[in-house]
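*Asks:* Have a look at this prediction, sequence included:
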Amino acid sequence: MTTQKIVTPSAESLASSARAAQKGGLPPVHLWNPPHCGHIDMRIARDGTWFYLGTPIGRPELVKLFSTILRKDGDDYVLVTPVEKVGITVDDAPFVAVDFNKRDDGLEFETNVGDRMTAGPDHPIRVVRDPETGEPSPYVLVRTNLEALIDRKSFYRLVDIGVHADHEGARWFGIRSQGVFFPIIPSAELE
């Protein structure tokens, strides 16, 4: 009788598989469908800090590596390699947009892990307001189903360059990037 060794996923095994899968650019995680191996004790805090076994991951290159194999399946976040898929916990969004620059007619954002994207049709901005406090939480789409929470200083800078415009039959205050208007708050609430 042959016994099969069951390997429990770990940060080390995931990192090793991720390194092997990288060939310049992002790995094609959308094409991989390995077996789900359970949940790993990894968490991404709202401020973008990655934790493993309750301890912050102190190596930025390791966080960046893990970020390249992150995928959202339904409401769940998973790290995916060609051979394994494990669930992780994400407190809010998996990335934080830590800065942006105006480029031609667009706003180019940079995340805490070095991803860059220009807000527009392929990378929309959305603002969710807390129903109790009204506090805004702005997000920009980084890649398929993965968003970055726009940090406070960047959001304040966006508000500084905001404009009033008609949007879906109402007057809104928002921002434009690549010809797209992204509403932030109804203009009537600012008066």
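*Replies:* All right, it came through fine.
*Asks:* Dump stretch 82-95 to CSV, restricted to CA.
*Replies:* Written as CSV, here are the backbone C-alpha positions of stretch 82-95 (Å, rounded to 0.1, in the frame of the first residue of the first chain):
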residue,chain,number,x,y,z
PRO,A,82,0.1,26.1,-10.7
VAL,A,83,0.0,23.4,-8.0
GLU,A,84,-1.9,24.9,-5.1
LYS,A,85,-4.5,27.4,-4.1
VAL,A,86,-4.9,28.7,-0.5
GLY,A,87,-7.3,31.2,1.1
ILE,A,88,-6.1,34.3,2.9
THR,A,89,-7.8,37.0,4.8
VAL,A,90,-8.0,40.6,3.4
ASP,A,91,-9.4,43.2,5.8
ASP,A,92,-10.5,45.7,3.1
ALA,A,93,-8.7,45.8,-0.3
PRO,A,94,-5.5,43.8,-1.0
PHE,A,95,-3.5,46.9,-2.1
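*Asks:* The protein: helices as residue ranges?
*Replies:* 11-21, 60-68, 152-160 (DSSP state H).
*Asks:* Compare the ones you listed and say which comes out lowest on pLDDT.
*Replies:* With a mean of 64, helix 11-21 has the lowest mean pLDDT of the helices of the chain.
*Asks:* The residue nearest to residue 49 when sequence neighbours are not counted: how many residues sit nearby?
*Replies:* Counting by C-beta to C-beta, 6 or more residues apart in numbering, residue 49 lies nearest to residue 56, which is 5.4 Å off, once chain neighbours are set aside. Using the backbone N, CA and C atoms, a C-beta is placed for each residue, glycine as well. Residue 56 is flanked by 11 other residues according to other C-beta atoms under 10 Å.
*Asks:* Which pLDDT does the model give residue 56?
*Replies:* pLDDT at residue 56 comes out at 97.
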